[in-house]
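> the following block contains a protein sequence and its predicted model.
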Amino acid sequence: MHRVLVDACGWVAVIEAGINIDQALLECSGTKQLAIVPNVVSEIEALDDRKLMLPMLIAKAKMMDLPTDCGNHTDDQLLAIAIQHKWPILTVDTELKRRLSQSNIPWIEVSGRSHLRQVG
């Protein structure tokens, strides 16, 4: 099943922009199925902001098992899963987008603070 991996900064950008995640994902990627890794949850929890709707993300997303030897860094984990499944990552992280581009993996970003756009 096709899913969209969610990076913490991508989720924060969606929430801050007030984007309807289900509708926006369907429009730009054809799916509203999300996936996360434990580090993403930890990073959002560390922001200590109840307005980030973490319970909604956890309820909507499938928690992924980490591939062996993908390291401890969140970006490494997300990239390994994205390459394995050929899933895009929802992110606004410039360095992660550069790495995705080098690996020919698309990403989804908040564009114009009002909608999502798939790149790649």
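Thanks, I have the structure now.

> contacts, neighbours, all on C-alpha from now
OK.

> where do the strands of this structure begin and end?
Here the chain has its strands, by DSSP state E, at 4-6, 34-36, 61-63, 89-90, 107-111, 115-119.

> who are the contact partners of Trp11?
52, 90-91 (C-alpha atoms under 8 Å, 6 or more residues apart in numbering).

> reformat those as a markdown table; add neighbour count and distance to Val6.
What follows is the contacts of Trp11, written out as a markdown table (neighbours: other C-alpha atoms under 10 Å; distance: C-alpha to C-alpha, whole Å):
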| residue | neighbour count | distance to Val6 |
| --- | --- | --- |
| Leu52 | 19 | 13 |
| Leu90 | 28 | 5 |
| Thr91 | 22 | 7 |
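
> any weak-confidence spans in the protein?
50 (pLDDT under 70).

> 80 instead, please
Counting by pLDDT under 80, the chain contains low-confidence ranges at 1, 48-51, 113.

> can you give me the buried ones in the longest helix anywhere in it?
As assigned by DSSP state H, the longest helix anywhere in the chain is helix 74-85. Neighbour-count burial for helix 74-85, counted by 16 or more other C-alpha atoms under 10 Å, picks out 74-75, 77-82.

> many thanks, I have nothing further to ask.
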